[in-house]
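**Student:** just to be clear, the model below is a prediction. Sequence and coordinates:
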Amino acid sequence: MSKAGGISVHAVDVARGRVAEGLALRIDRIAPDGARVTVAEGRIGPDGALHHPVTKGEGVQEGEHEVLLRIGDFHRATGSEAPAFLDVVPFRFRVFDRAQHYHLPIKFTPYGYSLYRGA
């Protein structure tokens with residue numbers, strides 16, 4: 001069996017100009033019937049990345065996935081003076097080839113975010 005490419009997440013708090021160390025997130029695989037299976041759960045590390053076996057392909061299958069980013073909790077924990085406008089930010093995407101790597105960078109402020117498939 002070939003090894004999957006993996007799913008990685010990199011997060012930057014652009015309002016404060018630094019990586020989002022401590023940002024909690026979860027990656028779920030969503031079955032056609034809507035059932036969810038959590039394939040990764042953790043926090044962003046000091047380098048801005050999620051360190052979890054999913055980044056090397058563990059648990060990755062073709063199909064629909066969703067990352068749930070706990071932006072509101074992050075801002076409350078870091079003492080942001082802005083109200084927590086964003087709470088849980090979902091990012092739904094499809095793994096269409098498990099041999100490919102899916103890099104998901106997020107840049108955010110208390111009021112907005114940008115998500116995309118990176119390289």
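**Tutor:** All right, it came through fine.

**Student:** any idea how far Val37 is from Ile106?
**Tutor:** With distances taken as Cβ to Cβ, to the nearest Å, Ile106 is found 22 Å from Val37. C-beta here means a position set from N, CA and C on the backbone, and glycine is covered the same way.

**Student:** so for the two, which residue has more residues nearby?
**Tutor:** Ile106 (25 against 12; other Cβ atoms under 10 Å).

**Student:** my understanding was that Glu21 contacts Gly48; is that so?
**Tutor:** Yes - contact criterion Cβ atoms under 8 Å: Glu21 and Gly48 qualify, at 7.2 Å.

**Student:** all strands for this structure, in order.
**Tutor:** 7-13, 18-19, 24-30, 36-43, 63-70, 88-95, 102-108, 113-115 (DSSP state E).

**Student:** could you find the closest non-adjacent residue to Phe85?
**Tutor:** Tyr111 (5.1 Å; Cβ to Cβ, 6 or more residues apart in numbering).

**Student:** ok, now how distant is the one you found from Arg18?
**Tutor:** Tyr111 is 17 Å from Arg18, by Cβ to Cβ.

**Student:** out of the strands of the chain, deepest packed?
**Tutor:** Comparing the strands of the chain by mean neighbour count (mean count of other Cβ atoms under 10 Å), strand 7-13 comes out on top with a mean of 22.
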